[in-house]
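Student: show me how the following folds:
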Amino acid sequence: MKNIYLIFIAMSVFFVLMVFLRIKKTRHIFSSGTDRKNLLMTLAGKEYSVTRKESLIQNILKSISNQIESIKNVFIVDSLYDLIKRVTVPLGVVLIAQIINVNFFNFPSLPILLSLTPVSYILWYKILLKKRKKIFEVDFTESISSINGAISSGRTFLQAMEDYSKNNNNSLAKEFSVITRRLNFGDNPEVVFLDSWKHYPYKEYYFFIVAILLNINSGGRLREVLGKLQRSLASNTAMEKKMLTLTSEMRMASKITGAIPFLFLVLLKFISEDNFNFIFDDPKGNILLYYLLGSVGFGALVIKFLMRKI
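Tutor: Next comes the predicted model:
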C-alpha cells in the first residue's frame, strides 16, 4: 500500500477541483459583488462611477472574505443545537468511515482522515446551501404574496414588511425586521438593501431589491411590480421542477454508473481478498486502480460538461 497516500490525495484534489469549477460556473452571473453594487447605486441615484484597480492579492483576499461570509451564513444559526449539529455531522461521517476502515479494509488512517475530512465538509456545505436556498424560495414567495396583499389594502411598503416580520418567525422575516428597523432609523436604502443582499445572494432577491430601489428613486406602481415578480417566481419554480423531472433518469443513471466500480471494489474485499490486496499492494494491480479512478473521473467531467447548463 505504498501508493495509497498518493491515491487519496489525488482523489481529494480532483474532488475539490470539481467543486470549485462548479461553484465558479454557477455563481459567475449573480455573485459579482462589485458589479451588483455599481448597479444598485445607479438605481438609487447615487454616483458610483469611480472605479479603482485592485491588485491580485486584494482580489484574492476579497474573494476569500466573501467565501467566508457565505460559509458563515450557512453554518451559523440561532439555535445552539443546530450549530453543533451542523459542525459535528461531517466529523461523525469521518468517524464512521474510519471505524469501517479499521474493521474491514485496514487502509492507512492518516490519508483517509486528511482527505475525507475536507471532502465531507464540502459535501455537507453544499447540502446545507441547497437546503437554505429551498427554504428561502418558499419563504420569499410567501413574503411577496403577503407584502403585495398588504400594499393592496393600503399599507405602505415598510408597514407591509414590518407586518410580515411580526407574523412570521423564519430567517427572512428576521431579515425584513432588520431592514425596516434600519430604514426607520434613517439609513440609506441602497446600503441597507446591499447588506441584506449579501445574506441572500440569490437572483430572485436581487430582482426584489432592484424593484424596491427603483420605486424609492423614481416612484411607480410597486404592487404591480411585486405581482409580476410573484408570477415569475411561480413560473420559474414550475419550470425548474419540470426540468428536474425530465433529467432525473439521466442524473440517476450517471450516479449509479459512477458508483458501480467503487461498490464492486468494496465487494471484492469480501468475495476475493487476494485480488483486493493485489489491486492495492502489487504495482501491476495499481494500474487497474489508476484506470478505475481515471475513467470514473474523466466520465464525471464529461457528464458535468454535458449538463453544465442544467
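Student: against Gly186, how distant is the residue lying farthest from the centre of the chain?
Tutor: Farthest-out residue of the chain from its mean C-alpha position, per CA atoms, centre = their mean: Asp274, at 42.5 Å. Separation of Asp274 from Gly186 (CB to CB, to the nearest Å): 77 Å. C-beta: built from backbone N, CA, C; applies to glycine.
Student: for Pro201, phi and psi?
Tutor: phi -80, psi 60 (degrees, to the nearest 10).
Student: in this structure it contacts Ser70, no?
Tutor: Yes: using CB atoms under 8 Å, Pro201 is in contact with Ser70, at 7.5 Å.
Student: got the CA positions of whichever strand or helix holds the residue farthest from the centre of the chain in PDB?
Tutor: Element membership of Asp274, judged by DSSP states H and E, is helix 273-281. The C-alpha trace of helix 273-281 is given here as PDB (Å, rounded to 0.1, in the frame of the first residue of the first chain):
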ATOM      1  CA  GLU A 273      -9.500 -10.800  -0.600                       C
ATOM      2  CA  ASP A 274      -6.400 -11.900  -2.600                       C
ATOM      3  CA  ASN A 275      -7.500 -10.000  -5.700                       C
ATOM      4  CA  PHE A 276      -8.400  -7.000  -3.500                       C
ATOM      5  CA  ASN A 277      -4.900  -7.000  -2.000                       C
ATOM      6  CA  PHE A 278      -3.400  -7.400  -5.500                       C
ATOM      7  CA  ILE A 279      -5.100  -4.200  -6.700                       C
ATOM      8  CA  PHE A 280      -3.700  -2.200  -3.800                       C
ATOM      9  CA  ASP A 281      -0.400  -3.800  -3.000                       C
END
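Student: and it, what's buried?
Tutor: For helix 273-281, the neighbour count (16 or more other CB atoms under 10 Å) marks 276, 279-280 as buried.
Student: nearest residue to the spatially most central residue of the chain other than its sequence neighbours?
Tutor: Central residue of the chain (CA atoms, centre = their mean): Leu129, 3.8 Å from the mean position. Spatial nearest neighbour of Leu129, chain neighbours left out: Val74 (5.6 Å); criterion: CB to CB, 6 or more residues apart in numbering.
Student: correct me if wrong: the residue nearest to the centre of the chain contacts Asn73.
Tutor: No: taking contacts as CB under 8 Å, Leu129 lies outside contact range of Asn73: 9.3 Å.
Student: run through who's touching the one helix or strand Lys85 maps to.
Tutor: Secondary structure from DSSP H and E places Lys85 in helix 80-100. Here helix 80-100 makes contact (CB atoms under 8 Å, 6 or more residues apart in numbering) with 75-77, 109, 112-113, 116-117, 120-121, 123-124, 128.
Student: how far off centre is that helix?
Tutor: Distance of helix 80-100 from its chain centroid, counting by CA atoms, centre = their mean, to the nearest Å, is 19 Å.
Student: what packs against the helix or strand following it?
Tutor: Next along the chain after helix 80-100, taking DSSP H and E as the criterion, comes helix 109-152. Judged by 3 or more CB pairs under 8 Å, 6 or more residues apart in numbering; DSSP states H and E, the packing partners of helix 109-152 are helix 4-26, helix 56-75, helix 80-100, helix 157-167, helix 171-184, helix 203-218, helix 222-271.
Student: tell me which two of the contacts of helix 80-100 sit farthest apart.
Tutor: For those, the farthest-apart pair by CB to CB is Val77 and Ser109; their separation is 31.9 Å.
Student: neighbour-wise, which of these two wins?
Tutor: Per other CB atoms under 10 Å, whichever of Val77 and Ser109 has more neighbours is Val77, with 16 against 11.
Student: what sits against that one?
Tutor: 83, 86.
Student: quick one: it from Ala300, how far?
Tutor: From Val77 over to Ala300 the distance is 32 Å, taken as CB to CB.
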